[in-house]
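Asker: here's my sequence, what's the structure:
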Amino acid sequence: MTHLRKMMLEELQRRHYSKATTGRYIRLIERFAQHFHRSPDRLGPQHIREYQAQLFTRHKLTPGSVTNHLCALRFFYIQTLKRPWSIAETPYPKKRYRLPTILSQEEIAQLIEAAPTPFYRTILMTLYGTGVRRTELTRLKVSDIDSRRMVMHIQDGKGHQDRDVRAPFCSKSSVLTGDVCAKSPSGYFPATAGTAGITPPMTRRPTTLALRPPAAPRLRNVSIPTCSAIASPPTCSKPAPTCTPSRSC
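Answerer: Got it, this is the predicted structure:
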């Protein structure tokens, strides 16, 4: 390990950056140095400008990917080398914001009905009913579900933040077939209460979890609106008290 790499790694660890961000920043600085075949501490603003332009023209990266490169370079020069950094000379690229494709109530019902097993059906309905992220659902424990208050405790969510979300299905009048939270401590979740978590194959988007019969829609890059009523979902809107705030609602 070189001296510069060790210094940058220590600065990242001091600020408690996640392992994913730490590894990404280290790799991006290595690519920057390999591009010019020099040590990164010998490269200046003119090299950064040239590199940023080639990320678009030569490597055909998206604005989001180029922003990640600039964030890594900015951290390296400011925190590791203690050098000044000018945002005017290295501006972040403009992003194009596009509205997601929102599934209709009929498409959501069709998607849930296409689930091959009750387990995957529960996963889809939980994602739709609470608005939690896929990785948050995979780490969910049965002990995190408070059926009395109808609240789901999300631990170590995005940004390592804990939060509570409404879980209207966790009651004796649950609309889920079998009353997931009321019948047994573990329900459909293959774990003992308070021990292991749910570990379904959640590496793909929720729309690919269910098998697609001939009648099921083929949908990609979609956003599922999250509302508390799962059996017959109402129109999702922000003022409605039954809606959980989410990126698509």
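Asker: the top helix by length along the chain: which residues count as buried?
Answerer: As assigned by DSSP state H, the longest helix anywhere in the chain is helix 19-36. Residues of helix 19-36 classed as buried by neighbour count (16 or more other CB atoms under 10 Å): 22, 24-25, 28-29, 32-33, 35. All C-beta spots, glycine's among them, are computed from the backbone N, C-alpha and C.
Asker: go on, stretch 151-165?
Answerer: Buried positions in stretch 151-165, judged by neighbour count with 16+ other CB under 10 Å: 151-152, 154, 165.
Asker: farthest pair within those?
Answerer: The most widely separated members of those, counting by CB to CB, are V151 and I154 (10.0 Å).
Asker: which neighbours do those two share?
Answerer: Residues touching both V151 and I154 (CB atoms under 8 Å, 6 or more residues apart in numbering) are 164-165.
Asker: helices or strands next to the longest helix of the chain in the packing?
Answerer: In terms of contacts (3 or more CB pairs under 8 Å, 6 or more residues apart in numbering; DSSP states H and E), helix 19-36 is packed against helix 3-14, helix 45-57, helix 63-75.
Asker: give me the contacts around it.
Answerer: Residues outside helix 19-36 that contact it (CB under 8 Å, 6+ apart) are 5, 8-9, 12-13, 17, 39-40, 43, 47, 51, 54, 68-69, 71-73, 75-76.
Asker: same check on stretch 157-167?
Answerer: Stretch 157-167 is contacted from outside by 18, 129-133, 136, 145-147, 150-156, 181, 228, 244, using CB under 8 Å, 6+ apart.
Asker: which of those are buried?
Answerer: So, by 16+ other CB under 10 Å, the buried ones in these are 129-133, 136, 145, 147, 150-152, 154, 181, 228, 244.
Asker: circling back to that earlier point, want to try JSON lines for the buried residues of helix 19-36, with pLDDT as columns?
Answerer: Shown next, in JSON lines, are the buried residues of helix 19-36 (pLDDT from 0 to 100):
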{"residue": "T22", "pLDDT": "96"}
{"residue": "R24", "pLDDT": "96"}
{"residue": "Y25", "pLDDT": "97"}
{"residue": "L28", "pLDDT": "97"}
{"residue": "I29", "pLDDT": "97"}
{"residue": "F32", "pLDDT": "97"}
{"residue": "A33", "pLDDT": "96"}
{"residue": "H35", "pLDDT": "96"}
